[in-house]
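> Fold the following and give me the result.
(chains A and B)
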Amino acid sequence: DGGITQSPKYLFRKEGQNVTLSCEQNLNHDAMYWYRQDPGQGLRLIYYSQIVNDFQKGDIAEGYSVSREKKESFPLTVTSAQKNPTAFYLCASQEGTVVQPQHFGDGTRLSIL
Amino acid sequence: AQKITQTQPGMFVQEKEAVTLDCTYDTSDQSYGLFWYKQPSSGEMIFLIYQGSYDEQNATEGRYSLNFQKARKSANLVISASQLGDSAMYFCAMRVLGNFVFGPGTRLSVLP
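You can find the predicted model right below:
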C-alpha cells in the first residue's frame, strides 16, 4: 500500500542528545513537511521541502534540522538546542498542486527522560 | 500572512443531529485551497474534504459538506447525522503556494 511511514512510534531523549525521526513515503510526492503538535494544540510547521536537496524553514525551525537527499525520505533531527522537545511530531507529503490534500504519517511521540 | 481561525475550542452534539464547525481564514492570495482534517485520539490525521478558491459549488463528501462563503472568508464544516465515531479534533487548513497553515482545532464530542 502507498503511504507515509514514520518511525519510531515512541522516542525518548536524554538531555543534551540529538535524535532523528524518520519519515519515508512511497507516494512519489514532491513535497514533504514536518509538524509539531503540543497537547490540545494545532499543528505548527517546522520545515518543508518542495523538491530534493531543497528545504525551507517553517514557523518553529529553531532547534531542528532536516535533509532531503532522496525524494522518498525527509528525516528530522531534534537537536540539543531544542529545549522543550516533548511533543507529537507529524510528517506529511503532498503532490505539487494547491488542490491536493496532505497525506500524514501516524506520528512520533517524543519525550524527555 | 496567512491565518486560520477556529473560534470553537469544543463542541457537543447529540448523536444523529447535524453540527457546524466554524473556520475563517485570512489571505491576500487569490488561489488557495481549504481543507478539513479529523484527528481521533490515536493521533493520525484523516483528510475529510477540500474546497478550492475558484470552486463555485460547495464541496460535499458523504456526511461532510463545506459551507464556503468567499466574501466572508469562511469555510465551515457541516457534519450531518453525527455518529459516536465522529468524536475527535477537527482542523481547518489552508494551502497557499507551498505553505500549509492549520487552525487551532475544535474538539467535537458526540453524545449518545
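
> need the residues of chain A near chain B, please.
A:31, A:33, A:35, A:41-45, A:48, A:50, A:56, A:88, A:90, A:92, A:94, A:98-104, A:106-107, A:109 (CB under 8 Å from any CB of the partner chain). For glycine as for every other residue, the C-beta is placed from the backbone atoms N, C-alpha and C.

> Can you tell me the element residue 65 falls in?
No chain was given, so I picked chain A. Here A:Ser65 sits within strand A:64-66, counting by DSSP states H and E.

> that's the wrong chain, I wanted chain B
Assessed by DSSP H and E, B:Ser65 sits inside strand B:64-69.

> That strand near chain A anywhere?
No. Shown here: strand B:64-69 not in contact with chain A (CB under 8 Å from any CB), separated by at least 12.8 Å.

> and that strand, what other elements does it pack with?
Identification of packing neighbours for strand B:64-69 by 3 or more CB pairs under 8 Å, 6 or more residues apart in numbering or on different chains; DSSP states H and E yields strand B:33-39, strand B:46-52, strand B:74-79.

> How far does that strand sit from its chain's centre?
Distance, stretch centre to chain centre, for strand B:64-69: 8 Å (CA atoms, centre = their mean, to the nearest Å).

> what does that strand rub up against?
By CB atoms under 8 Å, 6 or more residues apart in numbering or on different chains, the residues outside strand B:64-69 that reach it are B:20, B:34, B:36, B:48-51, B:55, B:58-60, B:74-80.

> List only buried entries from those residues.
Among the contacts of strand B:64-69, the ones that count as buried by 16 or more other CB atoms under 10 Å in any protein chain shown are B:34, B:36, B:48-51, B:59, B:74-79.

> and the most centrally placed residue in chain A, what helix or strand is that in?
Nearest to the mean C-alpha position of chain A, by CA atoms, centre = their mean, lies A:Trp34 at 3.0 Å. Using DSSP H and E, A:Trp34 sits in strand A:31-37.

> for that strand, which positions count as buried?
The neighbour-count check on strand A:31-37 (16+ other CB under 10 Å) flags A:31-37 as buried.

> Likewise for stretch B:78-89?
For stretch B:78-89, the neighbour count (16+ other CB under 10 Å) marks B:78-79, B:82, B:86-89 as buried.

> Which positions in chain B make contact with chain A?
Contact residues (CB under 8 Å from any CB) of chain B with chain A: B:31-33, B:35, B:37, B:42-45, B:47, B:50, B:52, B:91, B:93, B:95-105.

> give me that answer again for 7 Å
Within chain B, the positions adjacent to chain A are B:31-33, B:35, B:43-45, B:47, B:50, B:52, B:91, B:95, B:98, B:100, B:102-105 by CB under 7 Å from any CB of the partner chain.

> Buried ones from the residues you listed, can you make that a ChimeraX selection?
In ChimeraX, a selection of the buried entries from the residues of chain B next to chain A looks like this (16+ other CB under 10 Å):
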select /B:32,33,35,43,45,47,50,91,95,100,102,103,104,105
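
> centre of the chain versus stretch A:24-38, how much separation?
For stretch A:24-38, the distance to the chain centre is 6 Å (CA atoms, centre = their mean).

> Need the contact partners of it.
Outside stretch A:24-38, the residues that touch it by CB atoms under 7 Å, 6 or more residues apart in numbering or on different chains are A:2-5, A:23, A:43-51, A:60, A:66, A:72-74, A:76, A:87-96, A:102-103, B:98, B:100.

> go again using 6 Å as the cut-off
With contact meaning CB atoms under 6 Å, 6 or more residues apart in numbering or on different chains, stretch A:24-38 is reached by A:2, A:4-5, A:43-51, A:72-74, A:76, A:87-96.
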